[in-house]
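Novice: Take a look and give me a structure for this.
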Amino acid sequence: MAMLPWLVFLAVTLPRSAHAAHWSLAWVGLDAAEALGLTATGSLLRRAHPTAALTGTATATLLLVDAWFDVTTAASSADRLLAVAMAAGAEIPLAVLCAVLAVGATGTGGVAGFERGRDDAAGAVRPDRHRPAQRNGCPASADSATTASHTRSSKERAGDNA
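Specialist: Numbering: from 1, shown residues only. A predicted model of the protein is given here:
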């Protein structure tokens, strides 16, 4: 609701058209960022890395912004038709795919190697919730003393300080 006055102000005061000095640089930069985001997301997903959720979300956002500005800045009806075709055929479907993969990478949607849930606030991993290459919240190569300290509850650890 706080944005509503600002939106009205912009709608009333912005000029109907404007000249951008670096128009091609802006569009090439946006498309380069999308390509980088798609590459990074794919790479992180192949490694089942949880930060794929971040790159997937950012890339989906960039693709939707690209579609919006392509359509709304098209100068002619032919340009607008091409922009709508690109949005419907490539940018929006890729954005949806990135968003779905991002949700899966967070552990709420089932990307391979991830399960629902998170660690508790104290950092102990609940036994039914684990990450790839970990067992009971510790790297698979951790020794038993380290594993035991990570699997103790926060109350048990608090008792160590008493």
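Novice: quick one: the helices in this protein?
Specialist: Taking DSSP state H to define them, one finds helices in the chain at 4-13, 23-46, 52-72, 77-86, 92-105, 144-151, 154-161.
Novice: what's the least confident stretch among the ones you listed?
Specialist: When the helices of the chain are compared on average pLDDT, helix 144-151 comes out lowest at a mean of 45.
Novice: got JSON lines for the helices of the chain, with mean neighbour count too?
Specialist: Just so you know, the C-beta spots here come from the backbone N, C-alpha and C atoms, and that holds for glycine as well. Shown next, in JSON lines, are the helices of the chain (neighbours: other C-beta atoms under 10 Å):
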{"stretch": "helix 4-13", "mean neighbour count": "9"}
{"stretch": "helix 23-46", "mean neighbour count": "15"}
{"stretch": "helix 52-72", "mean neighbour count": "20"}
{"stretch": "helix 77-86", "mean neighbour count": "13"}
{"stretch": "helix 92-105", "mean neighbour count": "19"}
{"stretch": "helix 144-151", "mean neighbour count": "13"}
{"stretch": "helix 154-161", "mean neighbour count": "10"}
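Novice: Dump stretch 83-99 to PDB, keeping only the CA atoms.
Specialist: Provided in PDB are the C-alpha atoms of stretch 83-99 (Å, rounded to 0.1, in the frame of the first residue of the first chain):
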ATOM      1  CA  ALA A  83       8.100  -9.300 -28.300                       C
ATOM      2  CA  VAL A  84       4.900 -11.200 -27.300                       C
ATOM      3  CA  ALA A  85       6.000 -14.300 -29.200                       C
ATOM      4  CA  MET A  86       9.400 -14.200 -27.500                       C
ATOM      5  CA  ALA A  87       7.800 -13.700 -24.100                       C
ATOM      6  CA  ALA A  88       5.300 -16.500 -24.600                       C
ATOM      7  CA  GLY A  89       7.600 -18.900 -26.300                       C
ATOM      8  CA  ALA A  90      10.900 -18.400 -24.400                       C
ATOM      9  CA  GLU A  91      11.200 -15.900 -21.600                       C
ATOM     10  CA  ILE A  92       8.100 -16.800 -19.600                       C
ATOM     11  CA  PRO A  93       8.500 -20.600 -19.900                       C
ATOM     12  CA  LEU A  94      12.200 -20.300 -18.900                       C
ATOM     13  CA  ALA A  95      11.200 -18.100 -16.000                       C
ATOM     14  CA  VAL A  96       8.600 -20.600 -14.800                       C
ATOM     15  CA  LEU A  97      11.200 -23.400 -15.200                       C
ATOM     16  CA  CYS A  98      13.800 -21.500 -13.200                       C
ATOM     17  CA  ALA A  99      11.200 -20.700 -10.500                       C
END
